[in-house]
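here is a sequence together with a model predicted from it:
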Amino acid sequence: MKPILIRLFAIAAGLLLPYAQVQAASPPAFEVSVSGHGQPVILIPGLASAGAVWDDTVARYCGQRQCHVLTLAGFAGVPAINAPLLPNVEQQLSDYIANNHLAQPVIIGHSLGGYLALKLASDHPRQVGKLIIVDALPALGATQLPSATPVQLKEVAGNVRDRMLAQDAASYAANQRAALATMISRPADIARVAAWGQNSDRVTVANAMADLLQDDLRQAIARIQSPTLVLGTWIAYQQYAPRAAIEQMYRQQYSALPGVQLAMADTARHFIMVDDPDWMYARIDEFLKE
């Protein structure tokens, strides 16, 4: 398989409440938009995406639930922080759940947001309710070489980060749009997500991408106690590998997670919530009823 899944995550992309109001001791690693009442749901967008990518999902689910929609620092106009983003998001999100007395919230994460949901649930299993992972993998950097060592993954990640930072502005923007054209079907949606990417801090994006590529949660996810639904995609990559091969790759990466449910979309690209929300909602509805 070509490095399609690495490319896939390269640009994965209301009333804002700065997390600094909750945890002033650390630079705020995300902003939160809160709406609705009832069972808590936390929604985490992907790399260089705004929380607004979940607007339709919030409209569907947050009449009788309370949605907490994150936009991460450095993404889509939110100020960047001078600290490693992903570890700070994880710790501050754990603190946010505790400080706001959110009882085992449902967590929905897309792409990088899905990775963060898995990491949080692995490290803080008692804090997390049901997990819904939208097209994310425990070890993105290992998709081409399942037996990759930590040293190899770090080398791949460093090369990707260096290439992202070395591009001039025009090339960086063009590569963003080219990548998004493989992830989203409609031009208007591509333009919307691309605008978030252009309004993101490039150093933050490159460093977060590198951290995502070099981490490997394939064994850590065995600690997750939450029922987990994984929604994958494949149609954008059918010229590189058949559906069965891509599905098998997902199953292998999630093999250590007991009881995980996997569904593969036949009608949506990486941004499933944008390309075919009805397909996604049908799977989520059934999962939340169980």
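Cool, got the structure. Numbering: from 1, shown residues only.

what residue is smack in the middle of this structure?
With distances taken as C-alpha atoms, centre = their mean, Gly113 lies nearest the centre of the chain, 2.3 Å away.

relative to Gly38, how far out is that residue?
Note on Gly113: its distance to Gly38, by C-beta to C-beta, to the nearest Å, is 22 Å. Glycine gets a C-beta too; all of them are placed from N, C-alpha and C.

Trp196 too?
Taken as C-beta to C-beta, the span from Trp196 to Gly38 is 29 Å.

please, which helix or strand holds the residue nearest to the centre of the chain?
In this assignment (DSSP states H and E), Gly113 forms part of helix 112-123.

can I get the strand or helix carrying Trp279 in PDB, CA atoms only?
Per DSSP H and E: Trp279 is located in helix 277-289. Output in PDB follows, covering the C-alpha atoms of helix 277-289 (Å, rounded to 0.1, in the frame of the first residue of the first chain):
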ATOM      1  CA  PRO A 277     -23.100  12.000   7.900                       C
ATOM      2  CA  ASP A 278     -26.200   9.800   7.600                       C
ATOM      3  CA  TRP A 279     -24.100   6.700   7.400                       C
ATOM      4  CA  MET A 280     -22.100   7.800  10.400                       C
ATOM      5  CA  TYR A 281     -25.200   8.700  12.400                       C
ATOM      6  CA  ALA A 282     -26.800   5.300  11.800                       C
ATOM      7  CA  ARG A 283     -23.800   3.500  13.200                       C
ATOM      8  CA  ILE A 284     -23.500   5.900  16.200                       C
ATOM      9  CA  ASP A 285     -27.200   5.700  17.000                       C
ATOM     10  CA  GLU A 286     -27.000   1.900  17.200                       C
ATOM     11  CA  PHE A 287     -23.900   2.000  19.200                       C
ATOM     12  CA  LEU A 288     -25.200   4.400  21.800                       C
ATOM     13  CA  LYS A 289     -28.300   2.300  22.200                       C
END
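
who are the packing partners of it?
In this structure, helix 277-289 packs against helix 55-61, strand 131-134, strand 228-233, strand 261-265, helix 272-275, with contacts taken as 3 or more C-beta pairs under 8 Å, 6 or more residues apart in numbering; DSSP states H and E.

out of the ones you listed, flag the one nearest Arg177.
helix 272-275 (15.2 Å; C-beta to C-beta).

who has more neighbours, Trp196 and Gly38?
Trp196 (24 against 12; other C-beta atoms under 10 Å).

on the three-state scheme, the more buried one is what?
helix (DSSP: H, G, I helix; E, B strand; the rest coil).
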